[in-house]
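> Fold the stuff below for me.
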Amino acid sequence: MKHMNNHWRIPMSNLQLFTEPGGDGGGSGEGDGAGTGGDPGSNSNTTMSFDDFLKLEGNQSEFDRRVQKAVNTAVTNAQTKWKTLTDDKVSEAEKLAQMTNEEKANYRAKKAEDALKEMQRQNARSDMAKEARKMLADEDINIPDELVMNLVAEDADGTKAAVEAFSTMYKEAVQKAVKDALKGKPPKAGNGGDKPSMTKEQILAVKNPSERQKLIAENITLFQ
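Sure, this is the predicted structure:
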């Protein structure tokens with residue numbers, strides 16, 4: 001593996017950083033530091049490149065071990081922190097305790113932005129619900145607010161299309177019920193019958209908007 005720049009120089013006195021304990025280093029350390037012109041190799045200020053240092057017995061494996069340990073620790077800490085920040089069961093205080101000051105500022109700014117967007121979305125839905133009620137009133141259709149909200153889409157065009165489709169289905173269901181009554185047929189379940197085929201809750205739980213609206217129109221008495 002490539003290591004640090006070859007121009008790194010390491011004092012000989014620091015070579016014990018990665019070596020195993022046990023050696024006494026030799027010498028009694030009685031020199032007076034004045035320098036007598038002896039062998040330069042014995043000078044404590046002699047340096048070598050980092051690559052040369054790693055070539056010494058045991059240094060490469062010890063360096064790799066320490067690097068891997070640092071990496072493993074960093075990964076574990078990052079995973080623990082991420083789990084804490086994304087766990088809905090963890091309190092706000094615990095999440096903030098895991099963050100740096102910069103992360104806290106970004107987190108709070110994001111929450112404020114999300115809250116603003118949600119408020120704007122709710123206001124838009126409320127405005128579209130008012131328009132939906134007006135459109136239904138123009139067709140002489142009066143339904144509870146909870147049903148009106150089922151017709152509200154994410155945009156005005158979607159809401160308009162849903163209201164128009166519901167109005168058509170509602171009128172068809174009413175006309176069919178009237179025809180059946182004139183023919184002396186018993187009313188269908190959900191349109192006045194004693195035992196509806198589906199409950200109000202089951203109808204509202206239908207995920208497909210078109211199918212749900214159709215069932216509401218056909219079983220409108222459940223919602224009145």
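> Show the contacting residues for the nearest residue to residue 151 once chain neighbours are set aside.
Nearest residue to residue 151, sequence neighbours excluded (C-beta to C-beta, 6 or more residues apart in numbering): residue 162, at 4.5 Å. C-beta here means a position set from N, CA and C on the backbone, and glycine is covered the same way. The contact partners of residue 162, by C-beta atoms under 8 Å, 6 or more residues apart in numbering, come to 132, 151-153, 209, 213.
> Next one: the residue nearest the centre of the chain from residue 141, what distance?
Nearest residue to the geometric centre of the chain (C-alpha atoms, centre = their mean): residue 86, 6.7 Å. For residue 86, the distance to residue 141 (C-beta to C-beta, to the nearest Å) stands at 45 Å.
> Residue 133 reaches residue 148, doesn't it?
Yes - at 5.7 Å, residue 133 and residue 148 qualify as touching, with contact defined as C-beta atoms under 8 Å.
> Buried residues in the top helix by length along the chain, which are they?
Longest helix in the chain, counting residues (DSSP state H): helix 101-138. Across helix 101-138, burial judged by 16 or more other C-beta atoms under 10 Å covers 125, 128-129, 132-133, 135-136.
> Which SSE is immediately downstream of it?
Counting by DSSP states H and E, the next helix or strand C-terminal to helix 101-138 is helix 145-151.
> what separates that following helix from the chain centre, distance-wise?
Helix 145-151 sits 30 Å away from the centroid of its parent chain (C-alpha atoms, centre = their mean, to the nearest Å).
> For it, the averaged confidence score.
For helix 145-151, mean pLDDT rounds to 87.
> Identify each buried residue in the helix or strand following that helix, please.
Downstream of helix 145-151, the next assigned helix or strand under DSSP H and E is helix 156-182. For helix 156-182, burial by neighbour count (16+ other C-beta under 10 Å) applies to 159-160, 162-163, 165-167, 169-170, 173, 177.
> could I get the residues you listed as JSON lines with pLDDT and distance to residue 67?
Shown next, in JSON lines, are the buried residues of helix 156-182 (pLDDT from 0 to 100; distance: C-beta to C-beta, whole Å):
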{"residue": "159", "pLDDT": "91", "distance to residue 67": "59"}
{"residue": "160", "pLDDT": "91", "distance to residue 67": "63"}
{"residue": "162", "pLDDT": "90", "distance to residue 67": "60"}
{"residue": "163", "pLDDT": "91", "distance to residue 67": "65"}
{"residue": "165", "pLDDT": "90", "distance to residue 67": "64"}
{"residue": "166", "pLDDT": "89", "distance to residue 67": "66"}
{"residue": "167", "pLDDT": "89", "distance to residue 67": "70"}
{"residue": "169", "pLDDT": "88", "distance to residue 67": "68"}
{"residue": "170", "pLDDT": "87", "distance to residue 67": "71"}
{"residue": "173", "pLDDT": "85", "distance to residue 67": "73"}
{"residue": "177", "pLDDT": "78", "distance to residue 67": "78"}
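> any low-confidence regions in the chain?
In the prediction, the chain carries residues with pLDDT under 70 at positions 1-46, 84-85, 185-196, 224.
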